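Participant: the sequence and its predicted three-dimensional model are supplied below.
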Amino acid sequence: MRKIRNLLTPYKGLRKEVYIIALARMINAMGAFVWPMMSLLLTKKLGLTAEKAGMVVSAMIAIGIPAPIIGGKLADSIGRKKVIITFDLLGILTYITCGFIKPSFVLIYLITFAGTCMSIAGPAHESLMQDITTPENRKGAYGLTYMAFNLGFAIGPIMGGFLFKKYLTWLFVGDALTTLVGLLLIFFFVKDNYKPNHIEELDETREEEKGEEGTVFSVLIKRPLLIKVSLVAILYGFVYTQWSFLIPIHSDILFGDNGPQYYGYIASLNGIIVILATPIITKFFEKANNILSIGLGGALYALSFAFMAYATKLWMFFAIITVFTIGEIIITVSSGTFYANNTPQTHRGRVSSILGLISGSGYLVGSSISGSLKVNLGITITWLIIASVALVGGLLMALLSLQSRKNSGSEVNM
């Protein structure tokens with residue numbers, strides 16, 4: 001019992017808003033039906049090839065590229081909650097509309113619009129989280145919200161796979177309703193203490209978080225490590241996008257009509273592992289160097305996707321996803337903490353949007369490149385290429401960690 005209590009220590013004593021946000025994310029994830037099924041929606045319902053589906057997904061992401069920039073500026077200018085409520089609500093209403101439209105490219109346009117609205121709200125969500133945490137409790141806070149999200153995600157894909165096959169309307173309406181519940185929790189119970197044009201006093205241990213004058217670019221020039229880590233994260237984004245694109249296609253190739261349902265099982269296992277392993281990993285990496293930890297996560301991505309090239313049975317997918325998920329947990333907890341520790345409070349929305357745009361470019365090209373590789377080289381070679389990209393990313397993160405330690409002589413913010 002004492003060991004279990006020790007594992008829960010990072011989650012104790014957080015502000016109540018952190019627990020509310022965690023609950024909201026769990027509910028949202030329970031209804032995350034649409035995007036996990038996107039590649040199957042394009043291939044099974046619209047009849048596109050894997051290559052064309054990848055191009056469509058990339059185009060959808062490309063259209064939303066300006067969204068976080070707009071959202072980051074608004075979050076710093078007018079406040080976090082106003083942006084969250086306005087644009088998440090627009091996305092919700094659009095998803096409800098999607099539920100009553102037959103599969104067509106009109107449906108894809110509406111999904112793209114909904115995703116763009118929620119992308120505008122993204123930097124505000126991230127800034128709100130950074131506002132209510134400190135360097136001492138951030139790993140615990142990020143671990144808790146991530147674990148809560150995956151608690152919901154353990155249920156969501158199974159329901160999504162079922163709805164995709166039987167009740168397509170409720171795939172969209174259910175996603176919208178659960179997002180609405182999460183939004184209402186934030187609206188009523190999370191206080192936005194951020195005041196535009198006001199610089200809060202912080203102690204000397206939070207030097208990199210102190211408010212500054214000037215543009216977001218002047219802030220980033222003073223913090224080149226943020227840019228370097230984000231540039232390497234492009235490779236991580238390229239690799240991670242295969243989770244929702246190439247794995248469903250691979251499962252469809254192997255398991256036929258049972259592919260969507262089996263992918264739901266695989267995705268749910270991912271969520272279950274997060275729930276069980278996040279407390280252990282958060283505690284173990286509580287004082288670890290964040291950048292080096294991100295590099296270790298990349299190495300685990302490489303290992304899992306290298307084995308994915310030879311997966312032929314469902315149990316193999318389960319084993320591979322276990323390794324992948326451990327890497328995912330390490331990366332998520334460590335990267336969120338790193339960015340928050342090194343971003344000034346006055347620029348959190350804008351920095352989050354710029355860095356998200358840089359690192360997110362990997363997501364932009366991930367599906368189109370892997371779709372083309374799969375058609376031209378086959379799925380085995382494609383997975384080996386993806387694994388190689390992950391390995392390069394992990395090694396580059398390790399080099400950045402060594403370089404930063406030599407330059408600063410400290411690991412406080414790394």
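Facilitator: Looks like it arrived, so ask away.

Participant: isn't Lys73 right up against Arg350?
Facilitator: Yes - the criterion here is CB atoms under 8 Å, and Lys73 meets it with Arg350 at 6.0 Å. For the C-beta atoms, the positions are set from N, CA and C on the backbone; glycine is no exception.

Participant: more neighbours: these two, which one.
Facilitator: A side-by-side neighbour count of Lys73 and Arg350, using other CB atoms under 10 Å, places Arg350 first with 27 against 17.

Participant: flag every buried residue along the helix or strand hosting the more buried one.
Facilitator: Assigned by DSSP states H and E, Arg350 belongs to helix 348-377. Across helix 348-377, burial judged by 16 or more other CB atoms under 10 Å covers 348-374.

Participant: which strands and helices sit next to that helix?
Facilitator: For helix 348-377, the packing partners by 3 or more CB pairs under 8 Å, 6 or more residues apart in numbering; DSSP states H and E come out as helix 50-63, helix 66-78, helix 105-131, helix 216-221, helix 224-240, helix 246-255, helix 314-341, helix 379-408.

Participant: can you redo those as TSV with distance to Asn28 and mean pLDDT?
Facilitator: As requested, these are exported to TSV (distance: least, CB to CB, whole Å; pLDDT from 0 to 100):
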stretch	distance to Asn28	mean pLDDT
helix 50-63	20	80
helix 66-78	17	90
helix 105-131	10	91
helix 216-221	28	87
helix 224-240	19	92
helix 246-255	21	83
helix 314-341	16	90
helix 379-408	27	89
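
Participant: quick one: which of the ones you listed is nearest Glu209?
Facilitator: Among the helices and strands packed on helix 348-377, the nearest to Glu209 by CB to CB is helix 314-341 (7.0 Å).

Participant: for the nearest residue to Ala309 once chain neighbours are set aside, give its distance to Phe324.
Facilitator: Leaving aside its chain neighbours, Ala309 sits nearest to Trp383 (3.7 Å; criterion: CB to CB, 6 or more residues apart in numbering). Computed as CB to CB, to the nearest Å, the Trp383 to Phe324 distance reads 12 Å.

Participant: next one: Thr169
Facilitator: Distance, Thr169 to Phe324, by CB to CB: 32 Å.

Participant: the more surrounded of those two?
Facilitator: Neighbours per residue (other CB under 10 Å) separate Thr169 from Phe324, with Phe324 holding more: 27 against 14.

Participant: contacting residues for the more buried one?
Facilitator: Contacts for Phe324 (CB atoms under 8 Å, 6 or more residues apart in numbering) come out as Trp243, Asn270, Leu300, Tyr301, Ser304, Phe305.

Participant: excluding covalently adjacent residues, which one is nearest to the residue positioned nearest the centre of the chain?
Facilitator: For the chain, Thr332 is the residue whose C-alpha lies nearest the centre (CA atoms, centre = their mean; 7.7 Å). If the residues on either side of it in the chain are set aside, Thr332 comes closest to Tyr146, at 5.1 Å by CB to CB, 6+ apart.

Participant: could you do Cys98 as well?
Facilitator: Using CB to CB, 6+ apart, the nearest residue to Cys98 is Phe172, at 4.1 Å.

Participant: how about the contacts made by the closest residue to Val239 other than its chain neighbours?
Facilitator: Nearest non-adjacent residue to Val239, counting by CB to CB, 6+ apart: Ala390, 4.5 Å away. Ala390 makes contacts with Leu235, Tyr236, Val239, Gly298, Ala299, Tyr301, Ala302, Phe305, as judged by CB under 8 Å, 6+ apart.

Participant: also Leu296?
Facilitator: Counting by CB under 8 Å, 6+ apart, Leu296 touches Gly327, Ile330, Gly394.

Participant: return the distance of the closest residue to Phe285 other than its chain neighbours relative to Ser359.
Facilitator: With sequence-adjacent residues excluded and distances taken as CB to CB, 6+ apart, Phe285 is closest to Ser293, at 5.4 Å. Separation of Ser293 from Ser359 (CB to CB) stands at 16 Å.

Participant: count the neighbours of Leu396 for me.
Facilitator: 18.

Participant: oh, that last question was meant for Met60, not what I typed.
Facilitator: Neighbour count of Met60, defined by other CB under 10 Å: 21.

Participant: that older thread, against Met118, how distant is the residue nearest to Val239?
Facilitator: Counting by CB to CB, the gap from Ala390 to Met118 is 27 Å.

Participant: same check on Ala29?
Facilitator: As for Ala29, its distance to Met118 is 13 Å (criterion: CB to CB).

Participant: and for Tyr236?
Facilitator: Per CB to CB, Tyr236 is found 21 Å from Met118.

Participant: circling back: for Leu8, which of the helices and strands packed on helix 348-377 is the nearest?
Facilitator: helix 314-341 (15.0 Å).

Participant: got the angle for that closest one vs helix 105-131?
Facilitator: Orientation check (axes from the mean of the first three to the mean of the last three CA atoms, to 10 degrees): helix 314-341 against helix 105-131 gives 50 degrees.

Participant: next, the angle from helix 314-341 to helix 379-408.
Facilitator: Helix 314-341 runs at 30 degrees relative to helix 379-408, counting by the same axes, to 10 degrees.

Participant: can you count the residues close to Phe255?
Facilitator: Neighbour tally, Phe255, other CB under 10 Å: 16.

Participant: one more: Gly161?
Facilitator: Neighbour count of Gly161, defined by other CB under 10 Å: 26.
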